[in-house]
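J.: Got a sequence here, can you model it:
(chains A, B, C and D)
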Number of protein chains: 2
Amino acid sequence: MSISTVSYALNGSAKVSEPTRTRIKEIADRLGYAPKLAARTLKGNKTNIIGVYISSFQGEFYGELLDGMQHRLELLGYDMMVNSGNRTQKFLSEKLFDGAIILDNKFQDDDLNKVLTQGNKVVVLDREVSHENARTVLLDNASGSKEAVEYLVSQHQENYYIISGPRGNYDVETRLQAAIETFEKSGKSFKILEGDFTEQSGYEAAEKIIAEAKDKTVGVYSLNDDEAIGFYRYARRHHILLEPQFKIVGFDNNHSADFLYPILPSISYRKHLWGEQAAETLIDLIESKPSAKNQTIKTALSFRK
Amino acid sequence: MSISTVSYALNGSAKVSEPTRTRIKEIADRLGYAPKLAARTLKGNKTNIIGVYISSFQGEFYGELLDGMQHRLELLGYDMMVNSGNRTQKFLSEKLFDGAIILDNKFQDDDLNKVLTQGNKVVVLDREVSHENARTVLLDNASGSKEAVEYLVSQHQENYYIISGPRGNYDVETRLQAAIETFEKSGKSFKILEGDFTEQSGYEAAEKIIAEAKDKTVGVYSLNDDEAIGFYRYARRHHILLEPQFKIVGFDNNHSADFLYPILPSISYRKHLWGEQAAETLIDLIESKPSAKNQTIKTALSFRK
DNA sequence: CTGTTAGCGCGTTCAG
DNA sequence: CTGAACGCGCTAACAG
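T.: Below you'll find the predicted structure:
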């Protein structure tokens, strides 16, 4: 029983007879033997692992997205590993991953370019990229933003605000631009308050907006739901009834905003599908299928149930 | 410039002069060269990667926990990768990870034992294990559960319920046992309704409980907050005012339950710390430090803010 | 200090 | 079914 026979047996090659295979598998099992990934990879140059890069594990944002990726990748015969933190970027260059999905503002454009130049395949969910080894699967922020603002304007408020997000972020910039255009087209004036997508920043924005409001009615477009939740939290803590003076719209349709009162309308999109599309596109890219094209994920105003 | 010099230079060996090192690094950078993890691992028998196994990415439960692990592991010089799904268990046997943290009911006891027998180091957060290669970092469910029930009983309700969780689960069984003991000690009778830790199961339990209640006051101990949220959702959808007839206590102190009305008291614990302890214990175990002992995470009733 | 050479780690796979 | 080369980087031994 030679080394190669063992290898063939364990990998299901037809070069080994059934009885031998069975015997080998039994022995391997008894010994707790498992071929090392490192050795196999060295020879094969492929790991069948996809690396996913996110900026933080905190928050409910990623769960459904990752779940979508995971399920699709499993179907396609790949495994998935989730990373957060700068140091792990090296694993892509070091060929631990056959490809990566990136939704991580801490992953710098420079580093991304380096990685692409090295020949790594990447799908990006948080910026525009043009490179033969990259594809994008992006939200249709413009359309969602337009709908959000149109809804607010239809409520005929007296003053309007946008609570912004971290500048430079793709989603922020595209949502902002579309919102501004839509406000201008409607002839309504508005103010922009800076935010950073955290609850805290929404809380602080609420303080300003409510102080400025006096007895005017106000419409607020919060560029994500976390900020909107912060807004509600401020109101609750200060015993301010939002209804009917304040109308707010958010973005992301967070599950955890389901119990806010009054209901928080929000721009929603299919997170699970987003993850699936990202996975599918990446594998198409890795396997050099021509179907590996840039994708867009639709958005629409939702009023929860 | 020989191969060995390059290796020495890139790995910071003293056998290479600074100028040479710098030059080599520049060239490597320009060429986009990065030593492959597989080759390095094969020789060194160590990856400095810790695998974390969770049963699903969904839900807000894991975020803070993973964040705690991640930060502590980073401090200790390790990288972390998060896995979900049965197929990825093999990576531990295949020596991609130097060790693992497991909080995954889909990770079977049999498989865990196999992995431990192979010599892999593991910290487990969701069951009791006794093995030289394993340590546990578990919640003090008994204490939390006792406090939850004592709180309910102090509210002097007429009927009491427990909404259970998935049977066999360590947290469920220990919470349940302590709850039963505490109810019995107080002389109160109670009913147990089955649940599975999902919102849906809490929703269904609410339907039964509310139908049975008539005009009696009711105390409900929901073994996790997701179920409690389901309870509230049922009440809201059917326009039932919970206060003052229904008193509910949960477990986990989920952030997303912050906006429930009336306030949902819940057994809380420091998730971030939990993750940190798990990480620390695992590394101690890997590095054969005697400090690698089983740990317990404290719990306490919390009324949110 | 730098270069050369060679062995090692471990599984895969071709040629026999 | 077996022998041996191979993949890639690390490192020890030795020479310049």
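J.: would you say A:K185 is within a helix?
T.: Yes: judged by DSSP: H, G, I helix; E, B strand; the rest coil, A:K185 forms part of a helix.
J.: all strands for chain A, in order.
T.: Applying DSSP state E to chain A gives strands spanning A:49-54, A:79-84, A:99-103, A:121-124, A:134-139, A:159-163, A:191-193, A:218-222, A:246-251, A:266-268, A:295-297, A:300-302.
J.: which one of those lies closest to A:Q200?
T.: Smallest distance to A:Q200 across these (Cβ to Cβ): 11.8 Å, for strand A:159-163. For the C-beta atoms, the positions are set from N, CA and C on the backbone; glycine is no exception.
J.: Distance of A:E227 relative to A:K271?
T.: A:E227 sits at a distance of 18 Å from A:K271 (criterion: Cβ to Cβ, to the nearest Å).
J.: the more surrounded of those two?
T.: Neighbours were counted for A:E227 and for A:K271 using other Cβ atoms under 10 Å in any protein chain shown; A:E227 has more, 30 against 22.
J.: I'd say that one and A:G195 touch.
T.: Yes: between A:E227 and A:G195 a contact is recorded at 5.0 Å, counting by Cβ atoms under 8 Å.
J.: and for those two, which residues touch both?
T.: Common neighbours of A:E227 and A:G195 (criterion: Cβ atoms under 8 Å, 6 or more residues apart in numbering or on different chains): A:163, A:165, A:201-202, A:205.
J.: Now tabulate the strands of chain A in JSON lines and tack on mean pLDDT.
T.: Below are these laid out as JSON lines (pLDDT from 0 to 100):
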{"stretch": "strand A:49-54", "mean pLDDT": "98"}
{"stretch": "strand A:79-84", "mean pLDDT": "96"}
{"stretch": "strand A:99-103", "mean pLDDT": "98"}
{"stretch": "strand A:121-124", "mean pLDDT": "98"}
{"stretch": "strand A:134-139", "mean pLDDT": "98"}
{"stretch": "strand A:159-163", "mean pLDDT": "98"}
{"stretch": "strand A:191-193", "mean pLDDT": "98"}
{"stretch": "strand A:218-222", "mean pLDDT": "98"}
{"stretch": "strand A:246-251", "mean pLDDT": "98"}
{"stretch": "strand A:266-268", "mean pLDDT": "98"}
{"stretch": "strand A:295-297", "mean pLDDT": "98"}
{"stretch": "strand A:300-302", "mean pLDDT": "98"}
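J.: Buried residues, stretch A:63-81. List them.
T.: A:63-74, A:76, A:78-81 (16 or more other Cβ atoms under 10 Å in any protein chain shown).
J.: which ones among those residues are found in helices?
T.: Within the buried residues of stretch A:63-81, residues falling in helices by DSSP state H are A:63-74.
J.: tell me, which of those residues make contact with chain B?
T.: Residues of those in contact with chain B (Cβ under 8 Å from any Cβ of the partner chain): A:63-64, A:66-67, A:70, A:74.
J.: Of these, which is the nearest to DNA strand C?
T.: Closest approach to DNA strand C among those (Cβ to the nearest atom of the strand): A:E74, at 20.7 Å.
J.: Off-centre distance for stretch A:210-224?
T.: With Cα atoms, centre = their mean, to the nearest Å as the basis, stretch A:210-224 stands 29 Å off its chain's centre.
J.: residues contacting the nearest residue to A:N48 once chain neighbours are set aside?
T.: Nearest residue to A:N48, sequence neighbours excluded (Cβ to Cβ, 6 or more residues apart in numbering or on different chains): A:Y78, at 5.3 Å. Residues in contact with A:Y78, defined by Cβ under 8 Å, 6+ apart, are A:48-50, A:98, A:279, A:283.
J.: 10 Å instead, please
T.: Going by Cβ atoms under 10 Å, 6 or more residues apart in numbering or on different chains, A:Y78 touches A:47-50, A:69-70, A:72, A:97-99, A:279, A:282-283, A:286, B:87.
J.: Let me see the confidence value for the closest residue to A:L273 other than its chain neighbours.
T.: Take A:L273 and drop its neighbours on the chain: the residue closest to it by Cβ to Cβ, 6+ apart is A:G68, 6.4 Å away. pLDDT, A:G68: 97.
J.: A:G68: what's it in contact with?
T.: If a contact means Cβ under 10 Å, 6+ apart, then A:G68 has A:270-280, B:57 as its contacts.
J.: For those, point out the one with the lowest pLDDT.
T.: Among the contacts of A:G68, B:F57 carries the lowest pLDDT, at 92.
J.: ok, how many other residues are close to that one?
T.: There are 25 residues near B:F57, going by other Cβ under 10 Å.
J.: residues in contact with the closest residue to it other than its chain neighbours?
T.: Excluding its sequence neighbours, the residue lying closest to B:F57 (Cβ to Cβ, 6+ apart) is A:L66, at 3.8 Å. Going by Cβ under 10 Å, 6+ apart, A:L66 touches A:52, A:54, A:57, A:80, A:82, A:101, A:103, A:271-272, A:275, B:56-58, B:82, B:84.
J.: so who does A:E181 touch?
T.: Each residue near A:E181 by Cβ under 10 Å, 6+ apart is listed here: A:142, A:145-146, A:149.
J.: got CSV for these, with neighbour count and distance to A:D110 too?
T.: Listed next are the contacts of A:E181 as CSV, based on neighbours: other Cβ atoms under 10 Å in any protein chain shown; distance: Cβ to Cβ, whole Å:
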residue, neighbour count, distance to A:D110
A:A142, 17, 27
A:S145, 27, 29
A:K146, 20, 33
A:V149, 27, 34
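J.: Which members of those are positioned in helices?
T.: A:142, A:145-146, A:149.
J.: pLDDT added to these, as JSON lines?
T.: Listed next are these as JSON lines, based on pLDDT from 0 to 100:
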{"residue": "A:A142", "pLDDT": "98"}
{"residue": "A:S145", "pLDDT": "98"}
{"residue": "A:K146", "pLDDT": "98"}
{"residue": "A:V149", "pLDDT": "98"}
